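Novice: quick one, structure for this:
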Amino acid sequence: MLSDGNTAWILTSTALVLFMTLPGLALFYGGLVHNKNIISVLMHCFAIACMVSVLWLAGVYSLAFGDGGAANAWIGSLDKAFLAGVGTDTLSGNIPETVFFMFQMTFAIITPALIVGAYVERIKFTAVMLFSGLWLILVYAPVAHWVWGGGWLAEMGVQDFAGGLVVHLTCGVSAIVAALVLGKRTGFPRDIKPPHSPVLVMIGASMLWVGWYGFNAGSALAADGAAGMAMTVTHISAATAACVWIIIESIKYGKPTLVGIATGAIAGLATITPASGFVGPSGGFIIGLVAGTICFYAVNLIRGKMQIDDSLDVLAVHGVGGLTGILLTAFLGAKSLGGLGLSENTIGGQFVVQLTGAAATLVWTAVVTYILLIVVRALVGLRVSQEEEIEGLDLNTHGEKGYDFT
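Specialist: Below is the predicted model:
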């Protein structure tokens, strides 16, 4: 039977999650790049949102959440391509399936958009679009089906409430592969300028924070106590991680920065995502402490010591954060440690399940992403010319300026 209250909440959550990409992520990423590339970044986020929406309707939703018959453990069918057979009275649980379709679409939109942070300021627009479309079909849809669509990881008992594997680990792994295949920006690391607008970074991060309530609390698919707890632990983790980040930053570099506190909050949000439906407030606090610490040092390791140009720290924040949250769920979800006790396994047993899910997701994502990048490079090329890169992608690719200083 249709629940008006649950339907209203998921409608609201859908708007909140889309708000995370448009405009939240676009402004967050836009502020982090040089001012000559802000249009490029905004265009990537907006165009990906539009393309993914069309592909989701055309069949990717059906691949992720459709019944795959004998192959159901691995991928769904195309029975619901273009929402075939779905009307205004068709339900998914006790909400309209069209609402579930839209809610899940917003997750599919933000995931490839997050990868944008790995290759900004040096990639062809055509490469972004071709890669993102293929990636949605061949990486996102299978993993979403494995975890949320009744696939083999769901059968195994993997706990991923809102996307530690499906969203954050997939985008983080793909980001590092893309950064390695594409190569470093010209002048990296010595001649790369700092974020051109910490103000936009903070505004974008704030929009992401608000939108994340729909991301995590909406994943309860009901307006109930589980949604309330998910929202609570989400906020606690973000606030704690942000505090930890600027404390470490102050000790290490002498000054707390606006970009730092914003990045810390995003790290806390990414890390709590898979655990948000399974842990209590103490778990949210612990995850925030761990996220702020481990993601801070991951940034320094990947971009600093290893000198890999994952430009906007997608792996360090989302990949490392998502993986950390997935693994901590096995421990902090237990009642004995303040969790909700929703696992049917022992703590050790659940940890093995979580680790298996993470390993499978990591390997599949890395291999398929690498193949896709090689294919895209052969078809349309990946990098702009050095001259275009130095001049900036805004004018060269889109014929527009983000700012007019004349």
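Novice: only C-alpha atoms for contact and neighbour calcs from this point on.
Specialist: Fine.
Novice: for the stretch 51-200 of the chain, just list every one of the helices.
Specialist: Under the criterion DSSP state H, counting those that start in this stretch, the stretch 51-200 of the chain contains helices at 61-65, 97-119, 125-135, 141-148, 152-156, 170-182, 198-217.
Novice: I'd like those helices laid out as CSV, including distance to Ser3 and mean neighbour count.
Specialist: Listed next are these as CSV, based on distance: least, Cα to Cα, whole Å; neighbours: other Cα atoms under 10 Å:
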stretch, distance to Ser3, mean neighbour count
helix 61-65, 21, 27
helix 97-119, 12, 23
helix 125-135, 34, 19
helix 141-148, 21, 26
helix 152-156, 25, 18
helix 170-182, 33, 25
helix 198-217, 17, 24
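Novice: reformat those as TSV; add mean pLDDT and distance to Leu393.
Specialist: Below are those laid out as TSV (pLDDT from 0 to 100; distance: least, Cα to Cα, whole Å):
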stretch	mean pLDDT	distance to Leu393
helix 61-65	98	33
helix 97-119	98	12
helix 125-135	98	9
helix 141-148	98	30
helix 152-156	97	41
helix 170-182	98	16
helix 198-217	98	19
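Novice: now those helices in JSON lines, with distance to Ser250?
Specialist: Below are the helices of the stretch 51-200 of the chain laid out as JSON lines (distance: least, Cα to Cα, whole Å):
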{"stretch": "helix 61-65", "distance to Ser250": "44"}
{"stretch": "helix 97-119", "distance to Ser250": "25"}
{"stretch": "helix 125-135", "distance to Ser250": "37"}
{"stretch": "helix 141-148", "distance to Ser250": "39"}
{"stretch": "helix 152-156", "distance to Ser250": "41"}
{"stretch": "helix 170-182", "distance to Ser250": "27"}
{"stretch": "helix 198-217", "distance to Ser250": "17"}
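Novice: now the strand or helix carrying Ser237 against helix 198-217, angle please.
Specialist: Using DSSP states H and E, Ser237 sits in helix 225-253. Interaxial angle of helix 225-253 relative to helix 198-217 (axes from the mean of the first three to the mean of the last three Cα atoms, to 10 degrees): 150 degrees.
Novice: from the contact counts, what lies against helix 225-253?
Specialist: Applying 3 or more Cα pairs under 8 Å, 6 or more residues apart in numbering; DSSP states H and E, we find helix 225-253 packed against helix 198-217, helix 258-272, helix 281-299.
Novice: got JSON lines for the ones you listed, with distance to Ala70 too?
Specialist: JSON lines is the format used below for those (distance: least, Cα to Cα, whole Å):
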{"stretch": "helix 198-217", "distance to Ala70": "31"}
{"stretch": "helix 258-272", "distance to Ala70": "34"}
{"stretch": "helix 281-299", "distance to Ala70": "39"}
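Novice: figure out which of those is closest to Thr324.
Specialist: Among the helices and strands packed on helix 225-253, helix 258-272 comes nearest to Thr324, with 6.3 Å by Cα to Cα.
Novice: list the buried residues for the helix ranked longest in the chain?
Specialist: Scanning the chain for the helix with the most residues, using DSSP state H, yields helix 347-379. Neighbour counts using 16 or more other Cα atoms under 10 Å place 347, 350-355, 357-358, 361-362, 364-366, 369-370, 372-373, 376-377 of helix 347-379 among the buried residues.
Novice: what does stretch 252-268 give?
Specialist: Buried residues in stretch 252-268, defined by neighbour count with 16+ other Cα under 10 Å: 256, 259-268.
Novice: output the below-cut-off pLDDT ranges for the stretch 301-406 of the chain.
Specialist: In the predicted model of the stretch 301-406 of the chain, residues 406 satisfy pLDDT under 70.
Novice: give me that answer again for 80
Specialist: For the stretch 301-406 of the chain, the stretches flagged by pLDDT under 80 are 405-406.
Novice: and for Glu69, the neighbour number?
Specialist: No, residue 69 isn't Glu; it's Gly. 11 (other Cα atoms under 10 Å).
Novice: pLDDT wise, what is it at?
Specialist: On pLDDT, Gly69 comes in at 73.
Novice: count the neighbours of Pro187 for me.
Specialist: Check again: residue 187 is Gly, not Pro. For Gly187, the neighbour count with other Cα under 10 Å is 10.
Novice: what do you get for the one 4 residues further on?
Specialist: Counted with other Cα under 10 Å, the burial measure for Asp191 works out to 9 neighbours.
Novice: next: Ala270.
Specialist: Look at Ala270: counted by other Cα under 10 Å, it has 32 neighbours.
Novice: with just CA atoms, put the helix or strand just after the longest helix of the chain into PDB.
Specialist: Helices and strands here follow DSSP H and E; after helix 347-379, the next one along the chain is helix 386-391. Taking C-alpha atoms only, helix 386-391 is exported to PDB below (Å, rounded to 0.1, in the frame of the first residue of the first chain):
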ATOM      1  CA  GLN A 386      49.700  21.600 -23.900                       C
ATOM      2  CA  GLU A 387      48.900  25.000 -25.400                       C
ATOM      3  CA  GLU A 388      45.200  24.600 -24.700                       C
ATOM      4  CA  GLU A 389      46.000  23.400 -21.200                       C
ATOM      5  CA  ILE A 390      48.100  26.500 -20.400                       C
ATOM      6  CA  GLU A 391      45.600  28.900 -21.900                       C
END
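Novice: next SSE after helix 386-391?
Specialist: Counting by DSSP H and E, the next helix or strand C-terminal to helix 386-391 is helix 393.
Novice: that next one: how far from the chain's middle?
Specialist: Centroid separation for helix 393 versus its chain: 24 Å, with Cα atoms, centre = their mean, to the nearest Å.
Novice: this completes my enquiry, with thanks.
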